[in-house]
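Visitor: With the sequence up front, the predicted model follows.
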Amino acid sequence: MAETNDGAITRPLTSKGESRRLRLLEAASQLLLDLGYAQTSIQRVVQLAGGSAATAYQLFGNKEGMLAAVLQFELDRMRAAVFPDALAKQPAGPALHDLAVRLLTYAVQPKSAALHRLLISECHRMPQLAASLQLAVDRQVHAPLEQCLQLACERGELKIDNPRQAALILGNMINGIAFHARLVGGYAEGPHADHLVTCHYGVDTLLHAYRV
């Protein structure tokens, strides 16, 4: 058993405990995105998800811990949807184009845009959350992109002196393309055609720069 910085207790969960955890995270995510941070309480989350407040406090520690847990929950979902393990083993060209479009499609969805706005509105008041967000994005977005580039280098397809920096360039490019979607609440239908053109052009530019 261990205690996190926000006071939440971590321990191995039974299947029933994991089911409760997922219900609480689903409810917390829904309320935070629908109502905002100020109007969301752990008590409201428990009312929606069922169970006991004691279990919620044991999992989250406090309200800030709840927001951090939802952030990690949503990023875990994103990684599973965007970065399937088999994709990194494909040739660099198709793999990077596929990854870029998958990541852009996720970033412009209304739920993703709402989560982004929520975090922007709260991180300036919560330095610890901002630090957690930076680490989580690095681990769940930039690290898989770096791995894909590194594997392409090992196969002799690309020659990159610093795969991490190349991954940051690609990730930040996609983040920039998604900027307008986040301003207007996201695109339920996915990226617009001109955004896909920009995305593919950016990937082609990177491939041209590093192609052996």
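Guide: Yep, that arrived.

Visitor: pLDDT wise, what is the residue nearest the centre of the chain at?
Guide: Taking Cα atoms, centre = their mean, the centroid of the chain lies closest to residue 75, which sits 3.0 Å from it. We have a pLDDT of 89 for residue 75.

Visitor: Now do the helices in this structure.
Guide: Assigned by DSSP state H, the helices in the chain fall at 15-35, 42-49, 53-60, 63-82, 92-108, 110-123, 127-137, 143-154, 163-177, 179-184, 193-210.

Visitor: Lowest mean pLDDT across these, which one is that?
Guide: helix 127-137 - the lowest mean pLDDT of the helices of the chain, at a mean of 87.

Visitor: And the contacts of that one?
Guide: Residues lying outside helix 127-137 but in contact with it, judged by Cβ atoms under 8 Å, 6 or more residues apart in numbering, are 5-6, 64, 67-68, 71-72, 75, 119, 122-124, 171. In this view, the C-beta of every residue, glycine as well, is placed from N, C-alpha and C.

Visitor: Mind checking which of these are buried?
Guide: Buried members of the contacts of helix 127-137, scored by 16 or more other Cβ atoms under 10 Å, are 6, 64, 67-68, 71-72, 75, 119, 122-123, 171.

Visitor: Just name the closest of those residues to residue 100, please.
Guide: residue 171 (9.4 Å; Cβ to Cβ).

Visitor: Run through the residues that contact that closest one.
Guide: With Cβ under 8 Å, 6+ apart, residue 171 has these contacts: 103, 137, 141-142, 145.

Visitor: rewinding a little: distance of the nearest residue to the residue nearest to the centre of the chain once chain neighbours are set aside from residue 83?
Guide: Distance criterion Cβ to Cβ, 6 or more residues apart in numbering; nearest residue to residue 75, sequence neighbours excluded, is residue 140 at 4.4 Å. From residue 140 over to residue 83 the distance is 8 Å, taken as Cβ to Cβ, to the nearest Å.

Visitor: With residue 44 instead?
Guide: From residue 44 to residue 83 the distance is 33 Å (Cβ to Cβ).

Visitor: Okay, domains of this structure per the record?
Guide: For the chain, automatic domain parsing gives the domain ranges 1-61, 63-210.

Visitor: Now that residue 190 has come up, it's in contact with residue 107, right?
Guide: No: using Cβ atoms under 8 Å, residue 190 is not in contact with residue 107; the gap is 10.5 Å.
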